[in-house]
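Peer 1: sequence and predicted model, in that order:
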Amino acid sequence: MSGVKCINKILFCVLFLLCLIQAGCGSSFAQPYRDNKEDVSFRLFQKNTYNSQIADSFASGLCVADADAEQAQPIQTDALSAALFDVTRCNTVYADSVYERVYPASLTKIMTALVALKYAEPDMVLTASSSIYNLESGAQKCGLAAGDTMTLDQALRILLVYSANDVAIMIAENIGGSVEGFLSMMNAEASRIGATGTNFTNSSGLSDAEHYSTAYDMYLIFSEALKYDLFTEIINMPSYSTVYRDSSGNEKKIDVKSTNYYLRGEKSAPAGITVIGGKTGTTTAAGHCLILLTRDIGSKPYVSVVMRASSNDSLYATMNELLYRVPN
């Protein structure tokens, strides 16, 4: 029996050595293990296990960013997070703290517009309720009164050009049946597109402890909204004028200017960069935020985002530093 055991041991050793040789013993792995728990794609698979359709949709045509892309020359800025995405090549040109949770301020209204465009027609007539008065002091408003009516097309233009918070409430109530119903739609849409670091508690972006997003999630939401031609058209508008109706049917005229200083001509992008449009956001808690769609000299599109800059000047200075990194 001892001879048999010896032979078995020899055979086991030979088989073991053959396995090691086949596996490449002594060579390093091409992709060493790293903890991916903070990666959006990893969290997406956790939340939607075995749902390949959602995973494929998330990965298709989008840039994937590490929390911090290695940069030879990091941007000097007081902003919390910043990123630049090459849409054509699906390449992250720059990324700094893109998964940090931040208050998105009025960048929230991108999701408000996205849900509205997805679930309603532009000619839908909206009616303002008394809920439009439930806004904190100093919140940006266009002056709606209860009973005022306008089309969704008009409302979206005022929402995105002027960032009116009273219009955000009107859109939410009319499309969602209630603000709460609309918030469920917003959060479901965020989950669907992989923006798993996001939670919305209002349709306007006014500060709330449970209302948050990330720079990368805002890129995902913005990219989804850009699939709608009306959204792309509106974010390119430097101003907007329209006439809507009060509760008695009388005309009310409104003229608004864009909150985007590039579109207003008060800030200039680097040479060779054309600003197509974007969305601003500012609150005390969120600081100054901006997401942009631009094109280079060859008309290739880029998306750039800056979150929580300390001032308006810092915001646009940081954005220009990003745009200087667009390859020529």
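Peer 2: Okay, I see it.

Peer 1: which parts of the stretch 51-200 of the chain are helices?
Peer 2: Along the stretch 51-200 of the chain, the segments classed as helices by DSSP state H, counting those that start in this stretch run 52-59, 108-119, 152-162, 165-176, 179-192.

Peer 1: select from those helices the stretch with the lowest mean pLDDT.
Peer 2: Mean pLDDT values for the helices of the stretch 51-200 of the chain show the minimum at helix 52-59, a mean of 35.

Peer 1: mind checking how far the residue nearest to the spatial centre of the chain is from residue 308?
Peer 2: By C-alpha atoms, centre = their mean, the chain has its centre lying nearest to residue 218, at 1.4 Å. Remark: distance between residue 218 and residue 308 (C-beta to C-beta, to the nearest Å) = 12 Å. Yep, even glycine has a C-beta here, placed from its N, CA and C like the rest.

Peer 1: re the thing from before, my guess is the residue nearest to the centre of the chain contacts residue 306, does it?
Peer 2: No. Using C-beta atoms under 8 Å, residue 218 is not in contact with residue 306; the gap is 10.1 Å.

Peer 1: columns mean neighbour count and distance to residue 300 on top of the helices of the stretch 51-200 of the chain, output as CSV?
Peer 2: Compiled in CSV, the helices of the stretch 51-200 of the chain are given as follows (neighbours: other C-beta atoms under 10 Å; distance: least, C-beta to C-beta, whole Å):
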stretch, mean neighbour count, distance to residue 300
helix 52-59, 14, 21
helix 108-119, 24, 22
helix 152-162, 24, 24
helix 165-176, 25, 32
helix 179-192, 17, 28
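
Peer 1: any stretches of the chain with poor pLDDT?
Peer 2: In the predicted model of the chain, residues 1-60, 66-72 satisfy pLDDT under 70.

Peer 1: in it, which spans are strands?
Peer 2: With strands called from DSSP state E, the chain shows them at 81-86, 91-96, 125-127, 149-151, 239-245, 251-257, 274-283, 287-295, 301-309.

Peer 1: of all those strands, which lies closest to residue 114?
Peer 2: Residue 114 lies closest, by C-beta to C-beta, to one member of the strands of the chain: strand 274-283, at 11.3 Å.

Peer 1: can you give the strand pairings for that closest one, parallel or anti for each?
Peer 2: Using DSSP bridges, strand 274-283 pairs in its sheet with strand 287-295 (antiparallel).

Peer 1: quick one: the partner strand to strand 301-309, angle?
Peer 2: When axes from the mean of the first three to the mean of the last three C-alpha atoms, to 10 degrees is applied, the directions of strand 287-295 and strand 301-309 differ by 170 degrees.

Peer 1: buried set for strand 287-295?
Peer 2: 287-295 (16 or more other C-beta atoms under 10 Å).

Peer 1: and it, how far out from the chain middle?
Peer 2: From the chain centre to the centre of strand 287-295 is a distance of 10 Å (C-alpha atoms, centre = their mean, to the nearest Å).

Peer 1: hey, C-alpha coordinates of that strand in PDB?
Peer 2: Output of strand 287-295 as PDB, limited to C-alpha atoms (Å, rounded to 0.1, in the frame of the first residue of the first chain):
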ATOM      1  CA  GLY A 287     -21.700  76.700  -4.400                       C
ATOM      2  CA  HIS A 288     -21.400  77.400  -8.200                       C
ATOM      3  CA  CYS A 289     -22.000  74.600 -10.700                       C
ATOM      4  CA  LEU A 290     -22.000  74.400 -14.400                       C
ATOM      5  CA  ILE A 291     -22.300  71.600 -17.000                       C
ATOM      6  CA  LEU A 292     -21.600  72.400 -20.700                       C
ATOM      7  CA  LEU A 293     -21.800  70.900 -24.200                       C
ATOM      8  CA  THR A 294     -19.100  72.300 -26.400                       C
ATOM      9  CA  ARG A 295     -17.500  71.500 -29.800                       C
END
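
Peer 1: ok so, going back, which residues are common contacts for residue 218 and residue 306?
Peer 2: residue 291 (C-beta atoms under 8 Å, 6 or more residues apart in numbering).

Peer 1: quick one: contacts of stretch 222-233?
Peer 2: 62, 87, 110-111, 113-114, 117, 122, 153, 156, 160, 189, 193, 276-279, 291, 293, 303, 305.

Peer 1: now do it: distance from first to last residue.
Peer 2: 14 Å (C-alpha to C-alpha, to the nearest Å).

Peer 1: wait, doesn't residue 135 sit right on residue 202?
Peer 2: No. Applying C-beta under 8 Å as the test, residue 135 and residue 202 come out as separate, 9.9 Å apart.

Peer 1: which one of the two is surrounded by more residues?
Peer 2: Shown here are residue 135 and residue 202; by other C-beta atoms under 10 Å, residue 202 has more neighbours (21 against 17).

Peer 1: hang on, the more buried one packs against residue 106?
Peer 2: No. Using C-beta under 8 Å, residue 202 is not in contact with residue 106, being 10.8 Å away.

Peer 1: if anything else comes up later, I'll come back, but that's it for now.
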